[in-house]
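In: the sequence isn't on hand, but the structure is:
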């Protein structure tokens, strides 16, 4: 960061922002690239944590007229691009935005993100390595597994969207991103630039840059496919032993060490408390158990009485009518009041009906106080029932916003009912007084030997401490047990479900289990069940492609998006059967305590790619498919590649079902065309 005059804004005669002279200014993207170019710090990668932001940054640079390549470099770029993209049909070039993309490359500017066509990303990477693209605007995916070292890395922000919320990047992510800066054998150092933003903490940034150790967290969980393959090769007992040696189990066990230390510390404390509460007259722990049981019974009856009084108060308020005069028992507006509106739920005035969401706490009557104030009260102002002590007619012309109207009606209220005394509320006999269980417990308590101890209350204080610590220790021990053998316990649950479905029989993998062992993916069990149930048996190749897409596709949209379009006919019926089978599996997983949120189990199939896969398999052109799909070309290619892979698995797992094998093979052939055929795996 720096002052506006010294650091940025000198190029191309740009005017500087006006305002207070000491105000920090965040430079624009074009200004940053120009400054880096002037300092000899290109090529540079600017990380922007959104695809749309990357494309917008390139467009800003093109609109500004920024050029980073000489004429000779432009000619070289064009020759390389035309050679690499020669096999793309001309009619697809316009659809893919080829010419706008080429214009940016010739100027030395490009975007790089997962929504781009894999071929385009590869060309950007090649030109960047050769120094023919000098400014790349990329998402964080570029920092993983791609050899694109730069001289500088620019980070616009230190927060990103993680799928649920905007979160600060971690030290590991910061190091991964800035690690792109510094070309081996060319640069002796790399440069990381973080743009100043309002609210940025320099100390936090220094902490990101200075951290050199990062926690590793295992995401390993047993899957259905893994379970049948492990059992088939090693048996269940040996498989459990192997899983116990996994890094995931090591991490879980390491977390238990601290809990175990705390449990041991608590055990020592319990021994001391037990000694301090020892009574020479008898078993003091037994005596305290009676006291706690008695107290719990009294509290239960007290809560029951409070609930009954509240219900009676609500019923009394609901019986009021406009014009009734009441005495508000407590609160800021206690005293004489005239009911203007009893404040009943608009749905129903019956207390037996489910209340309106705005009236969950009961009625909220609107009253006029004797001091001429119009207020809406709550049930907290009525700890016990109230009844009308008189009535005052409310004029039709009464306006609660008019001071004169309030004054006249309040005067009538005081004249009519000012002499009335509030009704005294008398509590009934406490339920505990006549409760036989309480009487029995009190008798036992008085007869216990420890009841006559002179140090009884001292022993009781130590006993309460013992009881609280014992309860906390039990919680820690349950937590410790839940974290011990977690991987093998999950494996046992998975095997139990597979046994119920007939995929396993003891240490033997059935024929259905062997088919499951050839299916890989999040919905492996669902795919196996669909094959076993013959869900896809009568489908055409495009229909099978539409159904199989639900096994791989995951929408980036929110859950409240519109229902996706699906093909009519056989595929629509098959997709419905797939959803029903998934519902059955989901119920079984819940029964076996298999938690999908922990990475185990079958997520719900996503139908968002079914119509796209169906149309592409039918032979529709790229322009039509992408326009209807509202998908970037890169996403379309990636999902279609994964769909081809799962169709290949279905073909392999079909076994003796020659018709399904043939349909899967034809579906693969119908999908592998156009940009899918000439796109390398990306």
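Out: Perfect, I can see it now. All figures in this text were calculated on a predicted structure; none of them were measured in a lab.
In: who touches residue 577 in this structure?
Out: Going by CB atoms under 8 Å, 6 or more residues apart in numbering, residue 577 touches 530, 533, 535. Any C-beta I mention is one placed from the backbone N, CA and C, and that applies to glycine too.
In: for ChimeraX, what selects the buried ones among the residues you listed?
Out: Buried residues within the contacts of residue 577, by 16 or more other CB atoms under 10 Å, are selected in ChimeraX with:
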select :530,535
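In: residue 476: which of the contacts of residue 577 is nearest?
Out: Closest approach to residue 476 among the contacts of residue 577 (CB to CB): residue 530, at 44.8 Å.
In: contacting residues for that closest one?
Out: Residue 530 makes contacts with 536, 547, 577-578, 581, as judged by CB under 8 Å, 6+ apart.
In: tell me the buried residues in the longest helix along the chain?
Out: For the chain, the helix with the greatest residue count under DSSP state H is helix 284-318. Under the neighbour-count criterion of 16+ other CB under 10 Å, helix 284-318 has 284-285, 287-288, 290-291, 294, 297-298, 301, 309-310, 313-314, 316-318 buried.
In: likewise for stretch 399-418?
Out: Quick answer for stretch 399-418 (16+ other CB under 10 Å): 405-406, 409-410, 412-413, 416-417.
In: what is the mean pLDDT for that stretch?
Out: Mean per-residue pLDDT for stretch 399-418: 88.
In: over to stretch 595-602?
Out: Throughout stretch 595-602, pLDDT has a mean value of 68.
In: how long is that stretch end to end?
Out: Using CA to CA, to the nearest Å, the end-to-end distance of stretch 595-602 comes out at 9 Å.
In: same question for stretch 217-226.
Out: End-to-end distance for stretch 217-226, by CA to CA: 20 Å.
In: now the top strand by length along the chain against helix 284-318, angle please.
Out: Ranked by residue count and defined by DSSP state E, the top strand of the chain is strand 335-341. Relative orientation of strand 335-341 versus helix 284-318 (axes from the mean of the first three to the mean of the last three CA atoms, to 10 degrees): 60 degrees.
In: give me the sheet partners of strand 335-341 and which way each runs.
Out: strand 324-328 (antiparallel), strand 366-369 (antiparallel) (DSSP bridges).
In: buried ones in that strand?
Out: Of all the residues in strand 335-341, those buried under the rule 16+ other CB under 10 Å are 336-341.
In: quick one: it to chain centroid distance?
Out: Here strand 335-341 is found 48 Å from its chain centre; the criterion is CA atoms, centre = their mean, to the nearest Å.
In: what mean pLDDT would you report for it?
Out: Mean pLDDT, strand 335-341: 91.
In: now what about it, what contacts it?
Out: 320-328, 365-370, 374, 388, 392, 394, 400, 409-410, 413-414, 417-418, 420.
In: could I have the buried ones of those as PyMOL selection syntax?
Out: This is how PyMOL selects the buried members of these, with burial counted by 16+ other CB under 10 Å:
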select buried, resi 320+324+325+326+327+328+365+366+367+368+369+370+374+388+392+394+409+410+413+417
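In: in this structure, which spans are strands?
Out: Using DSSP E, strands in the chain cover 44-47, 109-112, 135-138, 152-155, 159-161, 166-168, 191-194, 324-328, 335-341, 366-369, 374-376, 390-391, 504-505, 508-509.
In: can you put those strands in a markdown table and add distance to residue 623?
Out: Below are these laid out as a markdown table (distance: least, CB to CB, whole Å):
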| stretch | distance to residue 623 |
| --- | --- |
| strand 44-47 | 31 |
| strand 109-112 | 21 |
| strand 135-138 | 26 |
| strand 152-155 | 35 |
| strand 159-161 | 30 |
| strand 166-168 | 35 |
| strand 191-194 | 40 |
| strand 324-328 | 72 |
| strand 335-341 | 62 |
| strand 366-369 | 63 |
| strand 374-376 | 61 |
| strand 390-391 | 77 |
| strand 504-505 | 49 |
| strand 508-509 | 48 |
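In: the contacts of residue 530 in helices, which ones?
Out: Among these, the members falling in helices are 547, 577-578, 581 (criterion: DSSP H).
In: can you tell me which of these lies nearest to residue 433?
Out: Using CB to CB, residue 581 comes nearest to residue 433 of these, at 60.7 Å.
In: rewinding a little: which of the contacts of residue 530 ranks first by neighbour count?
Out: Among the contacts of residue 530, residue 547 has the most neighbours (other CB atoms under 10 Å), with 30 neighbours.
In: how close does that residue get to residue 658?
Out: Shown here: residue 547 relative to residue 658, a distance of 19 Å by CB to CB, to the nearest Å.
In: for residue 612, which non-adjacent residue is spatially closest?
Out: Leaving aside its sequence neighbours, residue 612 sits nearest to residue 629 (CB to CB, 6 or more residues apart in numbering; 4.3 Å).
In: distance-wise, check that neighbour relative to residue 479.
Out: 47 Å.
In: which of those two has more neighbours?
Out: residue 629 (19 against 14).
In: which residues touch that one?
Out: Residue 629 sits next to 609, 611-612, 636 when contact means CB under 8 Å, 6+ apart.
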